[in-house]
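> kindly return the folded structure for what I paste below:
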Amino acid sequence: MKYLLLVVAVLSITAGCKRKGEPVPKICTSKENYKYTDTIRLENCSDRYTKQRWLMPDGSQSTASVVYFVPTAPITYQFRLYVTDENFVQEYEAIKEITVAP
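Take a look at the predicted model:
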């Protein structure tokens, strides 16, 4: 009975994890703190993806692996990265918020 409970517990824990082979979206930055005069550099550090698409805070989009953004005000900006697998059926999203200081 103890073994059955252990198997059920392990299955419950792993049920919320991504399946093997699914894309894992990840946004990397060259630094964590930005000033108003800085250019923000973001890189796609995702695993197991085929195609990528960035949505920038100003509404522009890019399919490059590295993107740059020049802030226009000292506020918090939200960057979104979407990656897909080889079947292009589902997009996986990563969100990175960067607060720019004056």
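> C-alpha from now on. contacts and neighbour counts both.
Noted.
> residue 89: neighbouring residues, count only.
7 (other CA atoms under 10 Å).
> oh, I was asking about residue 25
What residue 25 shows, counting by other CA under 10 Å, is a neighbour count of 22.
> residue contacts, the residue nearest to it when sequence neighbours are not counted?
For residue 25, ignoring the flanking residues on the chain, the nearest one in space by CA to CA, 6 or more residues apart in numbering is residue 46 at 4.4 Å. Shown in contact with residue 46 (CA atoms under 8 Å, 6 or more residues apart in numbering): 23-27, 83.
> and what of residue 75?
With CA under 8 Å, 6+ apart, residue 75 has these contacts: 99-101.
> name the member of these with the most neighbours.
If you rank the contacts of residue 75 by neighbour count (other CA under 10 Å), residue 100 sits at the top with 20 neighbours.
> in the helix or strand that that residue is a member of, which residues are buried?
Residue 100 belongs to strand 91-101 when assigned by DSSP states H and E. Buried residues in strand 91-101, defined by neighbour count with 16 or more other CA atoms under 10 Å: 91-94, 98-100.
> pairing partners for that strand, with directions?
strand 34-35 (parallel), strand 76-84 (antiparallel) (DSSP bridges).
> now the element after the first one, going C-ward?
It refers to strand 34-35. Per DSSP H and E, strand 34-35 leads on to strand 40-44 as the next helix or strand towards the C-terminus.
> identify the residue nearest residue 70 in space, chain neighbours excluded?
The nearest residue in space to residue 70 (CA to CA, 6+ apart) is residue 39, at 4.8 Å.
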